[in-house]
Each structure stands twice: as C-alpha cells, then as structure tokens.
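1. with the sequence up front, the predicted model follows.
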Amino acid sequence: GIQVEQSPPDLILQEGANSTLRCNFSDSVNNLQWFHQNPWGQLINLFYIPSGTKQNGRLSATTVATERYSLLYISSSQTTDSGVYFCAARRTQGGSEKLVFGKGTKLTVNP
Amino acid sequence: DSGVTQTPKHLITATGQRVTLRCSPRSGDLSVYWYQQSLDQGLQFLIHYYNGEERAKGNILERFSAQQFPDLHSELNLSSLELGDSALYFCASSVGSLRETQYFGPGTRLLVL
C-alpha cells in the first residue's frame, strides 16, 4: 500500500518565521490533501492538491506528483498556526480506494 | 463552527458493547466521511458516503458499519467493542465528492473500558 512520510516530526518557530513541511509518498496518487489539527483537536482541510501549486493567504502548497512529494509553506507564522499538520494521499485502484495519512508534523509557534 | 455536528461528544462504554455515532453534515453537503484517530494508528479514513450510497471504503473493520440516510445524516455503528477501539471519531462533509474541501465536525471521543 501507499506509504506516507512527513518531515520534520516536530518544528518550533518564533512568531513571524517561515516554514516548510514536507510529505513524501511512495506511489502515484490521485489526490493529496493537507489538514491542520489545532491544539483543541479541530481538523481543518487546508488543500486538495494532487499536483501544482495553490495558495490560501499565508499558506501555500505544492505537489510534484512525478517526484512523489508535496510541500506546505507557512509564511509569517502566527501562534494560531500551532497544531499538527497532516498530509494524506489517496489512490484509486481497481474500484477500491485508499486514503493514507502521514503521522503529522507538530508545529509550535511561540510568541 | 464548521456546520457539521456530531453526537455524542463523549461516550464511555464497556468491551463487547455496541454504540452508534451520529453525524449531521452541513446544509447542502451530499458527502459524508468518517475518520478514526487513535494514539496507536493515527488518523485513518474509514468510509465515504455520497447521497446515500457508499463510495469508498478505507480501513473500516467488519465490526463497524455505517449508513447515510435520506436526510443525509450518517451513523457509524461500532459493535463488539474492544479496548483498541478507543479513539476520536470524526465525521466530515463536502458538497460533492473527493475533490472538494471537507468540513470536519468536532468529533466523538469514545472510551472503551
């Protein structure tokens, strides 16, 4: 099955700093998504990005499907960006579908 | 507030029991997804329903079942519960299917004793 690896596992930043989170996946995928889980447990779907680049405010994501990785950029980080960032790869094969999550990157933004 | 509601918020039960988790999607959303988050397994996709029909099945155990009703709410049934089923169960909804933003509910925290 698909393997999804995220790095780094933990990241501590000062407010205002920029960061890049990486997601590697082991096989071709139909869909790559990024999620944020805040410290209170709420999950938010950030991006659906099977390929190319998307931007939403201070966040942007790029997926290079041919090289099997995706990057999440956070610019001018704020304390509210703290939490765990998950990527998930989806693959459809023979009528079945697999969505596999990475273990996440825990981001702490200090004031 | 995402607009997705889940009940109950917390559930404590014993091994061998059966529970039902309920999810009401955002108004107008046709898709409902269920996820499980545990310390051991991390986040896992369980199942996806679109307008009452099952669309994709992930790592859902045979002891678990789900359905989406005509009013589009969904229920996840967990039976013959084991200690390892203790987890946070999330429901999410989207307007259409897989390529659209999913909106998550607050989750139901299940503790099996």
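-> Arrived safely.
2. switch to C-alpha atoms for all contacts and neighbour counts from now on
-> Noted.
3. any residues touching the longest strand seen in chain A, and which ones?
-> Identified as the longest strand of chain A according to DSSP state E is strand A:83-93. Residues from elsewhere that reach strand A:83-93 (Cα atoms under 8 Å, 6 or more residues apart in numbering or on different chains): A:2, A:4, A:6, A:23, A:25, A:28-39, A:97-108.
4. of these, grab the buried ones for PyMOL.
-> Listed next is the PyMOL selection for buried residues among the contacts of strand A:83-93, using 16 or more other Cα atoms under 10 Å in any protein chain shown:
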select buried, chain A and resi 2+4+6+23+25+28+29+30+31+32+33+34+35+36+37+38+97+98+99+100+101+102+103+104+105+106+107+108
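5. among the contacts of strand A:83-93, which are located in strands?
-> A:4, A:6, A:23, A:25, A:31-37, A:97-101, A:105-108.
6. which of the contacts of strand A:83-93 are close to chain B?
-> Near chain B, judged by Cα under 8 Å from any Cα of the partner chain, the entries from the contacts of strand A:83-93 are A:31, A:97-103.
7. output the lowest mean pLDDT helix or strand found in the chain.
-> In the absence of a named chain, chain A is used. strand A:96-101 (a mean of 79; mean pLDDT, DSSP states H and E).
8. wait, I meant chain B there
-> strand B:53-57 (a mean of 90).
9. contacts only, for the nearest residue to A:Leu11 once chain neighbours are set aside.
-> Excluding the flanking residues, the one nearest A:Leu11 by Cα to Cα, 6 or more residues apart in numbering or on different chains is A:Leu107, at 4.9 Å. By Cα under 8 Å, 6+ apart, the residues touching A:Leu107 are A:10-13, A:81-85.
10. let's have those residues in a markdown table, adding neighbour count and pLDDT.
-> Listed next are those as a markdown table, based on neighbours: other Cα atoms under 10 Å in any protein chain shown; pLDDT from 0 to 100:
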| residue | neighbour count | pLDDT |
| --- | --- | --- |
| A:Asp10 | 13 | 97 |
| A:Leu11 | 16 | 97 |
| A:Ile12 | 13 | 97 |
| A:Leu13 | 17 | 96 |
| A:Asp81 | 20 | 97 |
| A:Ser82 | 20 | 97 |
| A:Gly83 | 21 | 97 |
| A:Val84 | 21 | 97 |
| A:Tyr85 | 25 | 98 |
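11. determine which two of the residues you listed are furthest apart.
-> Farthest pair in the contacts of A:Leu107 (Cα to Cα) is A:Leu13 and A:Tyr85. Separation: 14.4 Å.
12. centroid-nearest residue for chain B?
-> Centroid check for chain B by Cα atoms, centre = their mean gives B:Trp34 as the closest residue, at 3.3 Å.
13. I'd say that residue and B:Leu43 touch.
-> No - using Cα atoms under 8 Å, B:Trp34 makes no contact with B:Leu43, being 10.6 Å away.
14. burial of B:His10, as a residue count?
-> By other Cα atoms under 10 Å in any protein chain shown, the residues close to B:His10 number 12.
15. ditto for A:Trp40
-> Neighbours of A:Trp40 under the rule other Cα under 10 Å: 8.
16. next one: the one 3 residues further on
-> Each residue near A:Leu43 was counted by other Cα under 10 Å, and the total is 24.
17. now it: how far from chain B?
-> Distance from A:Leu43 to chain B, counting by Cα to the nearest Cα, to the nearest Å: 6 Å.
18. skipping adjacent residues, who's closest to that residue in space?
-> A:Leu43's closest residue in space is A:Gln37 (Cα to Cα, 6+ apart), at 4.4 Å.
19. nothing else from me, thank you.
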